[in-house]
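Quick one, what's the 3D model for this:
(2 chains)
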Amino acid sequence: MLDINLIRNNLKIVEENLKKRHDLEKIAWLKDLVKKDKEWRSLKQEIDNLRQKRNQISAEIKNAQNVGKDVKKLIADAKNIPAEIKKKEASMGKLADKVNYYLMRLPNILHDSVPFGKDDADNKVIETYGEAEKPKFPLKHHGQLAAELDIADFERAVKISGNGFFYLKGELALLDLALQQYAISILVKKGFTLIQPPFLMRRKPYEGVTSLDDFENVMYKIEGDDLYLIATSEHPMAAMYQNEILDEKDLPIKYAGLSTCFRKEIGKHGLDERGFFRVHQFNKIEQFVFCKPEDSWKFFEEIAKNSATLLKGLGIPYEKVNVCTGDIGIIAAKKYDFNGWSSREGKFIELMSCSNCTNYQARRLGIKFRKKNGEKEVIHTLNNTMVATTRMLRVIIENFQTKKGSIKVPKVLQPYMLKIKEIKPKKKK
RNA sequence: GCCAACGUGGCGGAGUGGUCAAACGCGCUCGCCUUGAGAGCGAGAGUCCGAGAGGGCACGCAGGUUCAAAUCCUGUCGUUGGCGCCA
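Below you'll find the predicted structure:
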């Protein structure tokens, strides 16, 4: 959410920002927003004056009663005021709702280093690692190979839970855990605290961390309870300090969120969307940082580097992309995507998404910090995927498969999976 | 899940329809004093509108009653205790 004072005092900045984002239809909102805000303020003044009058008469009534005077006339005077206040409050409420509607939907102010562009074609690759090689033999689709090796069962999962679910078995289940543990080990060494949040959240705090559309399109609701399955641990982590004032000396707070994620949305049907790419349930380690405003760009680079460390460790070629002004979401001021190389498909696929939300997310959540001199300021929040296991499993299965149909386990993961070096076809007994 | 009590500042805790928004105590920030620390003294610290003067709101949250609500009523969330259920 944008600061209303920015709109009151620096409308030009907001307008330029919308132009950069190619979000032109929202420019038309600004005029109405300014007008409604003005109306709201003058109405508030009227209401405050009425309240003052009412408070004065109430005090007079009290004083008159104390000296035994008749208060009938005063009470009659006061009697009409509450109704008048109520009427005006209803109009004020409507104005506030509209102002809020705009504020919630106007996007964050972009950082100057975000490349100008229209859509994902204009995103700038700013770093590459490894060789994006074509395979030397025909690679199998990860879902097919996993089924052949009997380390995943999609068909039976469909039978009991529907499309988009899976059983992980044996070495693949171990590999899933190993990825999480490897990710955790990197982050914990960097001073992150591992945190396992609740996997279900109430509606009201959830509204603070996601768009209303998500409730319809993405999130699973528990029938009969005011609870939703989390779509990412970012949500319970961000909501954690809602409406709190943190102490400057406790910052930064760096969390490595560990959770299963649940999402209704599911990709188009077709070969490349089957298997582990778009699924209703997956495990994820997520980086989340609360910090002082002056530190957020430093941490933005730090959490991006952690993702790079993980990909390098696994030996997955990647490109780091500076997402352009037209393709970035409304919450982030700047975003890097990390896309891993899939040699079977011969293209990069999105594995991680790293955002500096500056104070945009925190303002909506009401998270501030108290400075040493007692002043309060809205905090900055950042998040970045460390590893979303199913996507990573897909890349590992496809990139590290051998001609004879086995899968080589990346060296860094071997200590976390009982020293298994290779997932081989099982011998028939 | 049921029953009961409770929910006030950074913390402990007063206040049970109007003189109250925070007595009293602890902690915090700034200043004076001091070589320094401590003690002592003084000032400050919710939020919104307003250039300011000033005013509004705020006692878990949301409603209601009343001229007037921390205080009365209803709902809700939470805490604690008791009972029940249960990996």
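
where does the stretch 301-429 of chain A dip in pLDDT?
For the stretch 301-429 of chain A, the stretches flagged by pLDDT under 70 are A:373-374, A:428-429.

let's see it at 90
Where the stretch 301-429 of chain A drops to pLDDT under 90, the residues are A:329, A:343-346, A:362-379, A:419, A:425-429.

Quick check: A:C354 is in a strand.
Yes. With DSSP: H, G, I helix; E, B strand; the rest coil as the criterion, A:C354 is part of a strand.

May I have the beta-bridge partners of it?
Beta-bridge partners for A:C354, by DSSP bridges, are A:Y336, A:N384.

Specify the local secondary structure of A:F165.
coil.

tell me the contacts of it?
Residues in contact with A:F165 (C-beta atoms under 8 Å, 6 or more residues apart in numbering) are A:157-158, A:279-281. In short, each C-beta sits where N, CA and C put it, glycine included.

Identify, from those residues, the entry nearest to A:K411.
Nearest to A:K411 among the contacts of A:F165 is A:V279, at 26.9 Å by C-beta to C-beta.

element containing that closest one, please.
A:V279 belongs to no helix or strand when assigned by DSSP states H and E.

swap in A:F276?
Using DSSP H and E, A:F276 is not contained in any helix or strand.

wait, what's in contact with it?
Applying C-beta under 8 Å, 6+ apart, we find A:F276 in contact with A:142-143, A:146, A:152, A:166, A:282, A:390-391, A:393-394.

In strands, which of those appear?
A:152, A:282 (DSSP state E).

and A:H111, that's in a helix?
No. Going by three-state DSSP, the assignment for A:H111 is coil, not a helix.

Quickly note the distance from it to A:E127.
According to C-beta to C-beta, to the nearest Å, A:H111 and A:E127 sit 17 Å apart.

if you count what's nearby, which of these two comes out ahead?
The residue with more neighbours, out of A:H111 and A:E127, is A:H111; 16 against 13, by other C-beta atoms under 10 Å.

give me the number of residues near the closest residue to the more buried one other than its chain neighbours?
Among residues not flanking A:H111 along the chain, A:K334 sits closest, at 4.3 Å (C-beta to C-beta, 6 or more residues apart in numbering). Neighbourhood size, A:K334 [other C-beta under 10 Å]: 22.

What does A:K334 show for phi and psi?
Main-chain dihedrals, A:K334, degrees, to the nearest 10: phi -160, psi 140.

Just give me the residue right at the centre of chain A.
Centroid check for chain A by C-alpha atoms, centre = their mean gives A:E234 as the closest residue, at 5.4 Å.

Just list the residues touching that one, thanks.
Applying C-beta under 8 Å, 6+ apart to A:E234 gives the contacts A:209, A:257, A:286, A:288, A:383.

just A:T390 next, same as before
A:176, A:276-277, A:279, A:282-283.

what do you get for A:T232?
Applying C-beta under 8 Å, 6+ apart, the residues near A:T232 are A:257, A:259, A:261, A:284, A:286.

hmm, try it at 7 Å
Contact analysis of A:T232 by C-beta atoms under 7 Å, 6 or more residues apart in numbering lists A:261, A:284, A:286.

burial count for the closest residue to A:G315 other than its chain neighbours?
Among residues not flanking A:G315 along the chain, A:P410 sits closest, at 5.8 Å (C-beta to C-beta, 6+ apart). Neighbour count for A:P410, taken as other C-beta under 10 Å: 19.

Pull up the residues of chain A that are close to RNA strand B.
A:4, A:41, A:44-45, A:47-49, A:51-52, A:54-55, A:57-59, A:61-62, A:65, A:75, A:78-79, A:81-82, A:226, A:245, A:372-374, A:376 (C-beta under 7 Å from any atom of the strand).

could you flag which of the residues you listed are buried?
With neighbours counted by 16 or more other C-beta atoms under 10 Å, these contain buried members at A:4, A:47, A:54, A:57, A:61, A:78, A:81.

that older thread, quick one: the residue nearest to A:H111 and A:D112 touch, right?
No. Using C-beta atoms under 7 Å, A:K334 makes no contact with A:D112, being 9.3 Å away.

Now do A:K408 against RNA strand B, distance only.
Separation of A:K408 from RNA strand B (C-beta to the nearest atom of the strand, to the nearest Å) stands at 38 Å.

contacting residues for that residue?
A:400, A:402, A:422.

Now the phi/psi pair for it, please.
The phi/psi pair for A:K408 (degrees, to the nearest 10) is phi -80, psi 130.

pLDDT wise, what is the residue lying closest to A:G162 once chain neighbours are set aside at?
Leaving aside its chain neighbours, A:G162 sits nearest to A:H280 (8.0 Å; criterion: C-beta to C-beta, 6+ apart). Note on A:H280: pLDDT of 90.

tally of neighbours for A:H280?
For A:H280, the neighbour count with other C-beta under 10 Å is 19.

Likewise for the one 4 residues further on?
Residue neighbour count, defined by other C-beta under 10 Å, stands at 23 for A:K284.

what bridges to it?
A:S259, A:A388.

what residues are up against it?
Contacts of A:K284 by C-beta under 7 Å, 6+ apart are A:232-233, A:259, A:261, A:385, A:387-389.

out of those residues, who's nearest RNA strand B?
A:S259 (18.4 Å; C-beta to the nearest atom of the strand).

Tell me which residues of stretch A:224-240 come out buried.
By 16+ other C-beta under 10 Å, the buried positions in stretch A:224-240 come out as A:227-240.

if I read this right, A:P205 contacts A:Q242, doesn't it?
Yes. Counting by C-beta under 7 Å, A:P205 touches A:Q242, with 6.0 Å between them.

Give the residue spans of the stretch 51-200 of chain A that score low on pLDDT.
Where the stretch 51-200 of chain A drops to pLDDT under 90, the residues are A:51-98, A:100-101, A:103-105, A:132-136, A:154-155, A:157-164.

so where do the strands sit in it?
Using DSSP state E, counting those that start in this stretch, the strands assigned to the stretch 51-200 of chain A run over residues A:124-129, A:152-153, A:167-168, A:193-195, A:200-201.

The closest residue in space to A:D214 that isn't next to it in sequence in helix, strand or coil?
Nearest residue to A:D214 in three dimensions, chain neighbours excluded: A:A231, at 7.0 Å (C-beta to C-beta, 6+ apart). Under three-state DSSP, A:A231 falls in the coil class.

do you know how far A:A231 is from A:Q52?
From A:A231 to A:Q52 the distance is 47 Å (C-beta to C-beta).

Please apply the same query to A:Y336.
For A:Y336 relative to A:Q52 (C-beta to C-beta), the value is 53 Å.

With A:K134 instead?
Counting by C-beta to C-beta - A:K134 and A:Q52 are separated by 77 Å.
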